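K.L.:
generate a structure from the sequence data that follows.
(chains A, B, C and D)
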2 protein chains.
Amino acid sequence: MSFSYQFPRPALTVDCVFFGLDNEGLMVLLIKRGLDPFRGRWALPGGFVHIDETVDEAARRELREETGLQRVFLEQLYTLGDLDRDPRERVVTIGYYALINLHDHRLKAASDAANAAWFDIVDLPRLAFDHDAIIEMALKRLKSKVRYCPIGFELLPRKFTLSQLQRMYETVLARPLDKRNFRKKVLQLDMLEELDEVEQDVAHRAARLYRFNEAKYVKATEQGFNFEI
Amino acid sequence: MSFSYQFPRPALTVDCVFFGLDNEGLMVLLIKRGLDPFRGRWALPGGFVHIDETVDEAARRELREETGLQRVFLEQLYTLGDLDRDPRERVVTIGYYALINLHDHRLKAASDAANAAWFDIVDLPRLAFDHDAIIEMALKRLKSKVRYCPIGFELLPRKFTLSQLQRMYETVLARPLDKRNFRKKVLQLDMLEELDEVEQDVAHRAARLYRFNEAKYVKATEQGFNFEI
DNA sequence: TCAAAAGTGTTGAGCGTACACCCATGC
DNA sequence: GCATGGGTGTACGCTCAACACTTTTGA
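P.N.:
Have a look, this model is predicted:
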């Protein structure tokens, strides 16, 4: 079976930058290509947009197939449509990025295939296609958006310490923040819920746990909001 | 002649929001559709992405065809890929927006077709497809970007008064700004060149003319930059 | 001389930034 | 008792926001 059109059409794909955070730093999930072109090179998870799914659904399908996850922050980034992106034929791709909480999830990719692995964003291998450009755009978007939207929490466990939160911002923004100023700012935004729990199994004084509170955030938003610390 | 593929492919189009500024307010160029679907409805300029042009080139081609212009600010916005955007078949469209200086240009669309017209952004007719959503996204992007990038100048003549500049910001942001604070802020950013000219043919004291200075701007950028007035 | 818009400074409040020490806990 | 990170307050400078009158010009 084949499908015919009066004019030639580019193929349409999605490519996804899945960000995760661990003790090493900010990580990106890559897939080792088994086929030409770029056989053996690392690449972003991605694939064709099916005719019966929206482009958002195509990105979510990639997410599910590669990580087993469904309900994570996922956002469209940019569409790349240069002529020679793919040496085989004309392919236009829609870039997406997602934020994954590596702490609370046991990921399919981690246990599963030898052809998928997490790489530190500051030490990426050579990539297939123009995927380096997509990752660069995703990182730029993340860096800017994390400062005025509460999306950084998606990278943390549901309950976290203020130090974990600060480390997350420092890792994403790639610069150190002042502890006292950070805590002052983040608490006065009044979007965190202080829990009656402390962290467990640490070899020093246990830190208090907090949780992001959506309702409090919505209120705080009305007064303006940013992390320009 | 026809083109066959193993799997069905969505059609790929671009749709463009061309913004212009006149004394009435912020305007958008629309085209009256001559064919079904939505015959007689107003729609954004747009069309298919050709197989031998990038998506940016497709958007620039639309710009040229509808306005006769070439060198204007044009930027990709978002890709819309829902299943039923177009009642005929699956069409994925890449939204663009551009800023057009209505003062310095005699536009093709203005003189030309009865099927093209500029509409005030606050008083748009019913639109074809999901073009209202594209315009909404374009306006949101413009409002936010104009505050931290010097793109607002694209809507003004090359030489302008500070009052014109302020009116431009007030129109785009849809809120009044304080005259003294505005002038202080914009002058201290040190990206305007004060000219030895004043406006002509006005029935009151003539205002001094200024010009945006790219080189000064680049310097100013390094110290941070925004219009949060 | 009148109408219309140009042009111009000061003050108070809030926010960002810099900075250092004591405390609680587990080993 | 010591190593490790948790937790806390103050002071200065800058930017934002509010606010009203005089000047210039053409009609």
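
K.L.:
hang on, A:R90 packs against A:A11?
P.N.:
Yes. With contact defined as Cβ atoms under 8 Å, A:R90 counts as touching A:A11 (6.8 Å). In this view, the C-beta of every residue, glycine as well, is placed from N, C-alpha and C.

K.L.:
which strands and helices sit next to whichever helix in chain A runs longest?
P.N.:
As assigned by DSSP state H, the longest helix anywhere in chain A is helix A:131-145. Packing contacts for helix A:131-145, counted by 3 or more Cβ pairs under 8 Å, 6 or more residues apart in numbering or on different chains; DSSP states H and E, involve strand A:11-21, strand A:73-80, strand A:91-100, helix A:162-173.

K.L.:
for that helix, buried residues please.
P.N.:
A:H131, A:I134, A:I135, A:M137, A:A138, A:L139, A:R141, A:L142, A:K145 (16 or more other Cβ atoms under 10 Å in any protein chain shown).

K.L.:
now stretch A:142-155
P.N.:
Buried, per 16+ other Cβ under 10 Å, within stretch A:142-155: A:L142, A:K145, A:V146, A:R147, A:P150, A:G152, A:F153, A:E154, A:L155.

K.L.:
what's the closest of the residues you listed to A:D86?
P.N.:
A:L142 (25.6 Å; Cβ to Cβ).

K.L.:
the closest one reaches A:F18, doesn't it?
P.N.:
No. Proximity of A:L142 to A:F18 does not meet the contact threshold set by Cβ under 8 Å, at 11.6 Å.

K.L.:
could you tell me which residues touch both of these two?
P.N.:
Common neighbours of A:L142 and A:F18, counting by Cβ atoms under 8 Å, 6 or more residues apart in numbering or on different chains, are A:Y97.

K.L.:
CSV for the buried residues of stretch A:142-155, including pLDDT?
P.N.:
Output for the buried residues of stretch A:142-155, formatted as CSV (pLDDT from 0 to 100):
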residue, pLDDT
A:L142, 98
A:K145, 95
A:V146, 95
A:R147, 93
A:P150, 93
A:G152, 96
A:F153, 97
A:E154, 97
A:L155, 97
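
K.L.:
in contact with the nearest residue to A:F129 once chain neighbours are set aside, which residues?
P.N.:
Nearest in space to A:F129, with sequence neighbours left out and distances taken as Cβ to Cβ, 6 or more residues apart in numbering or on different chains, is A:R85 at 5.9 Å. Going by Cβ under 8 Å, 6+ apart, A:R85 touches A:V91, A:V92, A:T93, A:F129, A:D130.

K.L.:
if we check DNA strand C, which of those are in contact?
P.N.:
Counting by Cβ under 7 Å from any atom of the strand, nothing from the contacts of A:R85 sits close to DNA strand C.

K.L.:
scan those and report the most crowded one.
P.N.:
Tallying neighbours with other Cβ atoms under 10 Å in any protein chain shown puts A:T93 at the head of these, with 27 neighbours.

K.L.:
that one touches A:P10, doesn't it?
P.N.:
No. Applying Cβ under 8 Å as the test, A:T93 and A:P10 come out as separate, 9.5 Å apart.

K.L.:
mind listing the shared neighbours of those two?
P.N.:
A:G81.

K.L.:
now do the contacts for the residue lying closest to A:C16 once chain neighbours are set aside.
P.N.:
Spatially, and ignoring its direct neighbours in sequence, A:C16 is nearest to A:Y96 (4.6 Å; Cβ to Cβ, 6+ apart). A:Y96 sits next to A:V14, A:D15, A:C16, A:V17, A:A59, A:E62, A:L74, A:E75, A:Q76, A:L77 when contact means Cβ under 8 Å, 6+ apart.

K.L.:
any idea of the angle the longest helix of chain A forms with strand A:73-80?
P.N.:
Between helix A:131-145 and strand A:73-80, the angle comes out at 130 degrees (axes from the mean of the first three to the mean of the last three Cα atoms, to 10 degrees).

K.L.:
helix A:131-145: what's the following helix or strand?
P.N.:
Downstream of helix A:131-145, the first helix or strand assigned by DSSP states H and E is strand A:159-160.

K.L.:
for that following strand, packing partners?
P.N.:
strand A:208-212.

K.L.:
ok, now with 10 Å
P.N.:
Judged by 3 or more Cβ pairs under 10 Å, 6 or more residues apart in numbering or on different chains; DSSP states H and E, the packing partners of strand A:159-160 are strand A:192-198, strand A:208-212.
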